Structure formats: structure tokens, C-alpha cells
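>>> after the sequence you'll find the predicted model.
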Amino acid sequence: MKKNKAKVSSTEKQFEFHFHAGRQACALTVPVRFPMEENVSDLHGRLMLLHRLPCFVENDLRSALCKFIDEESIKDYDQEAVLSLERLRTGEVDIELLTSAWSKAYAETTLEHARPEEPNWDEDFADVYHDLIHSPASETLLNLEHNYFVSISELISERDMELKKLQERQSVEMDKVMQELGKTMSDQDVNAVASQHFDAQQVLENKWANELKQVTTIQKQEYQEWVMKLHQDLQNPNNSAINEEIKVQPSQLRESQEASDRLFEEQRQLEESFTIHLGAQLKTMHNLRLVRADVLDFCQHKQHQRSGVKLQRLQTALSLYSSSLCGLVLLVDNRINSYSGIKRDFATVSQECTDFHFPRLEEQLEVVQQVVLYARAQRNSKLKDQPDVPRNGSCEDKSKNLERNPSNILPGEFYISRHSNLSEVHIVFHLCVDDNVRSGNITARDPAIMGLRNILKVCCTHDITTITIPLLLVHDMSEEMTIPWCLKRAELVFKCVKGFMMEMASWDGGISRTVQFLVPQSISEEMFYQLSNMLPQIFRVSSTLTLTSKR
């Protein structure tokens, strides 16, 4: 019972049960408290056990107990109803307040009185975009997105050039100051110059950040309004001007394809594909790929000619509002920001093109930070309510970390960001890992491995059919990552992911998926092909059948 609720008067009533054991007549009398707050089956089981009743009276006891509880509960309800009517008759209860409370409760719990849903701009825009991207207007949409991308790229180039000039100028000034150190300059003067340089760089970065934010906001508003207007115009079949506008020029397609082919030739990417079947009885086919590439290659747009259509974005745009989403696992530290390391590089890539469907990455991270703080507060309050629960050492370490940095996440935890402006992925899982992943002694119960399991479960429940996983649980190679280290780590991840994929059958009913295992770009070809030979030994690869006809 909740503390804020009024106490309900409880009464004890005697339950009597008579039965015969051979020629001996027996009677069982136990007190039962009403109203009942426990399960009848639990009470029946306790009576059988405590009083050592014979098994042949089990069904009779259950029937008699249920009948007794029903009859006595109805009597209590009738008595309470009589008392309520008496209070109503004597004026102890206000009729107006009672009727208003009843009408409010009825209106809140009955569907016919529910308020109609207000139109949602985001949902309407998603439906309109989904219709247009699967129509002949898709090339027009991609061309417009590419034009916006080119303008943002030019703005970023100007920003980088101005920051580079400022850094070069500040470097020259600092060299002059260091030459005069001990002569006409002191340590305080050097610190003052360095502080001025830092402030100037911060001011310039903030200026460009505000300008980029303003430009992307304007682009997003213009794009959404244009998409809605185009959809309305296409509803009129007699509008020939719109039909001419959305026609695709073949020359543009050829130019874009040639540029894409040249780019692919310049940056060779190693990959191997496999088809496997998993499952004990009902087998499910999955596609596996082993890819050697940089993790940001799945996010970054390739620069082609200005007038070309973004053909590499077509498939990603077609599946944006579908049940075939693409995800990527990005290994990050425990801080929810985009200030350093791979997080900064990913944030830079996400800024290269305006996201016309979802909030900016910074806004999504702010929401995640608030959710983490709220979750930590809820978890701490529950721990305080249970002070006597014994805790092991790992739990104590986690609680100490949370007390020290409540805004940080723990290894194995992850947060999700949504994107429509990346080249090949819609969802990014930011998985928190620590320095332990660089050691060679992690097990299948490591937080990073369990984080992969939880990510795959989210993929099953949210229509993510393609997921890219760092095979070695690192994005960059280092000296301690020898060939035995790589083989041991790859074998562990392969086997764990295989087990998680077999669990998928119980999660989603056995849906075919594509899992891409990503290895760093700096790995050698020899190592890549050793990993490629290991994969079919762990997974059951489909074998080809050669059919010949008898003559």
C-alpha cells in the first residue's frame, strides 16, 4: 500500500475446513485477514505445508478457500457500500465533488472521451519525405541535399583556413616571445601572451560555431518547407512544371558515377563477405562481412563533382524511415561530450552536412546527459532505501565512481544518436570502453562484450538490420597488439557475437541481418586474411551445391 493512501480497516475472519481422514473427522481453523493483500494460491500452499495436510484434500481445500474469500469479500464490499450511502445521505460527503471526481476518472480512462491527437510536424514531414524519396523526385531531393552539403563544406574550409592562419600567426608571436625570455620578457609575460592566444582562438571558434549553427538552422527550415511544398504540388497531376523539374539528367548520373569510381580506386578497401545459417532447428540466414576501413568512412560523405547526384546516399535515404536501418558501434570514453579523440572527429564529420530530420549532435548529447543524471539519481535513491543489501567489491567500485562523477557512464553502457546526414548509417551506438580493452586478458563477461550483446538486442527490437562492430574492440592499432593478440581478440568477439546472434531468434523471431566486422585501416593484409580464414571456422558458412543431370 502506498503511504499517501488512507488506511483501510482490516478485519480477521475464521476460515473453517472440514474433511475426513479415514474414519477420523478433522477440522482446520485459521484466521484470514481481509481485505486480502496476498495471492490465494500462496496462502493455499502455506496451509498445506504448515499443517501437513494430506494431498487428497488439496483440491477441496483450494475450492473451499476461494469460495470463503469471495463470499466474505462481497460481504465487506456490501457493508462498505451501505456505509458510503449512509454518509452520502447524511451529508458527510459533498455530492458535487463526488460526481466531478467520477466524471473526471471516467473521461481519463475511456477512449471515446480522449482528446484527439494534435498534428505533429516531425511525423508529417517524415511521411512526406518517405513518399518523395520513393518517387521520381528522389534525385531532386538528393541534388538539393548535395548543394547544401557543398555550401557547408565551403564554410568549414573558410573556418579551417582562418583558424590555421591564426595559429600560424600566434606561433610566430610565441617564438619571438620565447627568444626574449630572460632578457626583456619574464615567465608572467609568456603566460599572459599564451592566455591572450587562447582567448583569441576561443573567440574565433565560437564565432564560426555560431555561424555554422545559424546556417544549418536556415538550411533545415528551407529544406523542410520546400519538401512539403513539393509534395503538395505533386498532388496536382496537371502541374507540368514540377514534372519537368524532377526529371533526372543522365549526364549528371554518369558524372557522379565516374567520380565515385575514381574515388574507390584511389582508396582501396579490403572486405570479405560470407553467408551463414544459425539456429538449432529453424535456421536463419545472415550475411557477415569483414571490412578493413576507418570507422568514420561509414559516416563521411565523399566529395564528387558539384553538379553530381549523391548516389552513395540513395540507399541510406531510402531506408531512413523503414524497418531496415543501419547502425554503427563507436567506441568512446566515459564522458558524454564531443571534445576529444574519436568523439571530436565524429562530431566534425556530422557537421559537414546539415541533418534535416533529427536534432544536431550537440542537442542530442545534452538530452542524453540529462537522462543519465536522472537515471543516476533514481539509482542512488533506490540504493539508499536498501542499506542492508550486501555488495561485492565491483559494486562498491561502481558506486564510488558514480559518486565521484555522476554525469559519466560506466564501461559497457552506451548511448544512441540518430542521424540522417551520414553516408551509410542512421544510428550510432556510442559504447563506453576503458583501457582494459587494450589488454589481452578480457573474457566473455567483460563490460565491452556485454555492451555488444545489449546493442544487438536493441537492434532486434528497433528494426536495425545492419550493424557494424569493431572486431578488435579498438579503432587504432598500437605496439602491444601483436598477431597473437589480434587472433585471440578476434576469436573471442566472433564466438560471443555468434552466441548473441543465436539469441536473436528468441528476440525477433529469426530475421535475416547483416553484421559487419570492422578492423582498423592500419592492419596488414596478411593479418586481414588470417582473420578472414578464422571466420568460417567459427560460423557455419553456407556451402554451394553443384547440380548435374544424369544422361
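Yep, it's here.

>>> C-alpha only now, for contacts and for neighbours.
Will do.

>>> from Leu290, how far out is Phe494?
To Leu290, Phe494 is 11 Å away according to C-alpha to C-alpha, to the nearest Å.

>>> and the two? which has more neighbours close in?
Set side by side, Phe494 and Leu290 show more neighbours around Leu290, with 23 against 20, by other C-alpha atoms under 10 Å.

>>> which residues are in contact with the more buried one?
Residues near Leu290 by C-alpha atoms under 8 Å, 6 or more residues apart in numbering: Glu271, Glu272, Ser273, Gln516, Phe517, Leu518, Val519, Ser532.

>>> those, buried ones only, as a ChimeraX selection?
Of those, the buried ones go into a single ChimeraX selection, burial set by 16 or more other C-alpha atoms under 10 Å:
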select :271,516,517,518,519,532
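
>>> and which of the contacts of Leu290 is nearest Glu80?
Gln516 (65.3 Å; C-alpha to C-alpha).

>>> quick one: strands adjacent to the strand or helix carrying that closest one?
If you go by DSSP states H and E, Gln516 is part of strand 514-519. Applying DSSP bridges, strand 514-519 is found paired with strand 284-292 (parallel), strand 464-470 (parallel).

>>> can you list the neighbours in contact with that strand?
Contacting residues not belonging to strand 514-519 are listed as 286-295, 465-472, 475, 528 [C-alpha under 8 Å, 6+ apart].

>>> repeat for stretch 445-452
Contacts to stretch 445-452, defined as C-alpha under 8 Å, 6+ apart, come from residues 411-414, 431-433, 437, 444, 473, 493, 496-497.

>>> hang on, isn't Leu330 packed against His430?
Yes. Proximity of Leu330 to His430 meets the contact threshold set by C-alpha atoms under 8 Å, at 4.9 Å.

>>> and the helices in the stretch 51-200 of the chain, which stretches?
With helices called from DSSP state H, counting those that start in this stretch, the stretch 51-200 of the chain shows them at 58-90, 95-109, 121-133, 138-179, 187-234.

>>> same for the last one, what does it pack against?
The one in question is helix 187-234. If you count contacts as 3 or more C-alpha pairs under 8 Å, 6 or more residues apart in numbering; DSSP states H and E, helix 187-234 packs onto helix 121-133, helix 138-179, helix 240-245.

>>> now do the SS call for the residue nearest the centre of the chain.
Nearest to the mean C-alpha position of the chain, by C-alpha atoms, centre = their mean, lies Ile416 at 3.8 Å. Secondary structure state of Ile416, per DSSP: H, G, I helix; E, B strand; the rest coil, is strand.

>>> what are the bridge partners for it, then?
Under the criterion used (DSSP bridges), Ile416 bridges to Phe429.

>>> which residues does it contact?
Ile427, Val428, Phe429, His430.

>>> Leu330 now?
Each residue near Leu330 by C-alpha under 8 Å, 6+ apart is listed here: Val295, Val428, Phe429, His430, Leu431, Pro470.

>>> pick the one among these closest to Ser350.
Val428 (11.3 Å).

>>> distance of that closest one from Val458?
According to C-alpha to C-alpha, Val428 stands 12 Å off from Val458.

>>> same drill for these two, tell me which one is more crowded.
Val428 (20 against 14).

>>> spatially, what comes nearest to that one if we skip its sequence neighbours?
Excluding its sequence neighbours, the residue lying closest to Val428 (C-alpha to C-alpha, 6 or more residues apart in numbering) is Leu328, at 4.9 Å.

>>> for whichever helix or strand comes after the strand holding Gln516, name the packing helices and strands.
Next helix or strand after strand 514-519 toward the C-terminus (DSSP H and E): helix 525-538. Applying 3+ C-alpha pairs under 8 Å, 6+ apart, one finds that helix 525-538 contacts helix 483-508.

>>> average model confidence for the helix it packs on?
The pLDDT scores in helix 483-508 average 88.

>>> one more: stretch 60-67?
Stretch 60-67 carries an average pLDDT of 91.

>>> so who does the closest residue to Ser10 other than its chain neighbours touch?
Spatial nearest neighbour of Ser10, excluding adjacent residues (C-alpha to C-alpha, 6+ apart): Phe34 at 5.4 Å. Contacts for Phe34 (C-alpha under 8 Å, 6+ apart) come out as Ser10, Thr11, Glu12, Lys13, Ser73.

>>> low-confidence ranges in the stretch 351-500 of the chain?
Within the stretch 351-500 of the chain, the segments meeting pLDDT under 70 span 386-404.

>>> again, 80 this time
Counting by pLDDT under 80, the stretch 351-500 of the chain shows low-confidence ranges at 383-407.

>>> ok, now the stretch 201-350 of the chain?
236-269, 279-283, 301-313, 338.

>>> out of the contacts of stretch 445-452, which is most surrounded?
Val433 (26 neighbours).

>>> any idea of the mean pLDDT in stretch 163-183?
pLDDT averaged over stretch 163-183 gives 87.

>>> wait, which of the contacts of Leu290 is closest to Glu86?
Gln516 (72.4 Å).

>>> just list whatever residues bridge to that closest one.
Applying DSSP bridges, one finds that Gln516 bridges with Arg289, Thr468.

>>> roughly how far does the nearest residue to Asp476 once chain neighbours are set aside sit from Ser100?
Once flanking residues are discounted, Asp476 sits nearest to Pro520: 5.7 Å by C-alpha to C-alpha, 6+ apart. From Pro520 over to Ser100 the distance is 67 Å, taken as C-alpha to C-alpha.

>>> out of those two, which sits in the more crowded spot?
Higher neighbour count among Pro520 and Ser100: Pro520, with 20 against 11, using other C-alpha under 10 Å.

>>> who are the contact partners of that one?
Taking C-alpha under 8 Å, 6+ apart, we find Pro520 in contact with Arg292, Ala293, Asp294, Val295, Val474, His475, Asp476, Met477.

>>> what subset of those residues is buried?
When those are checked for burial by 16+ other C-alpha under 10 Å, the buried set is Arg292, Ala293, Asp294, Val295, Val474, His475, Met477.
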